[in-house]
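Participant: Here's a sequence, model it:
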Amino acid sequence: MWKLTARGERGSPFAELGSFASIGDAALRILKIEGDPLGTIFFRVYVDPASTRDDAEVLSRLEYQSAKRFYLLQRDAQ
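Facilitator: Next comes the predicted model:
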């Protein structure tokens, strides 16, 4: 499962947008929120150069920045 959260302006609190079975399902939710039925989603992956995390851990946190919101998609360990 994947947990999707979002915030507006920098520093504003994150709001939960739901849990999703796949990255694609979460991306479709973002497209709906953004009102872009034909859009494309590009998720960013944050890599800490001081860390030696494996691929699974690196890919467990994905980010997307739109003109209005910042989205965070994280692997839910439940």
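Participant: pLDDT value on Gln78, please?
Facilitator: As predicted, Gln78 sits at a pLDDT of 64.
Participant: Now do the contacts for Tyr64.
Facilitator: Residues in contact with Tyr64 (C-beta atoms under 8 Å, 6 or more residues apart in numbering) are Ile30, Ile41, Phe42, Phe43, Arg44, Phe70, Tyr71, Leu73. (Glycine included, C-beta is placed from N, CA and C.)
Participant: Which of these are buried? Put it as a PyMOL command.
Facilitator: A single PyMOL command selects the buried members of the contacts of Tyr64 (16 or more other C-beta atoms under 10 Å):
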select buried, resi 30+41+43+70+71+73
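Participant: Could you dump the contacts of Tyr64 into TSV and include pLDDT?
Facilitator: Formatted as TSV, the contacts of Tyr64 follow (pLDDT from 0 to 100):
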residue	pLDDT
Ile30	94
Ile41	77
Phe42	81
Phe43	87
Arg44	89
Phe70	94
Tyr71	95
Leu73	95
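Participant: who's in contact with the residue in the chain sticking out farthest from the centre?
Facilitator: Distance from the centre of the chain peaks at Ala50, with 22.5 Å (C-alpha atoms, centre = their mean). By C-beta under 8 Å, 6+ apart, the contact list for Ala50 is empty.
Participant: Please report how far it lies from Gln74.
Facilitator: 20 Å (C-beta to C-beta, to the nearest Å).
Participant: number of nearby residues for Asp25?
Facilitator: Using other C-beta atoms under 10 Å, Asp25 has 14 neighbouring residues.
Participant: Helix or strand with the lowest mean pLDDT in this protein?
Facilitator: Taking mean pLDDT, DSSP states H and E as the measure, the chain has helix 55-58 as its least confident helix or strand, at a mean of 86.
Participant: Would you mark the buried spots in the helix or strand following it?
Facilitator: Next in sequence after helix 55-58, counting helices and strands by DSSP states H and E, comes strand 61-65. Using 16+ other C-beta under 10 Å as the test for burial, strand 61-65 gives Leu62, Tyr64.
Participant: Show the subsequent helix or strand relative to strand 61-65.
Facilitator: Counting by DSSP H and E, what follows strand 61-65 is strand 70-75.
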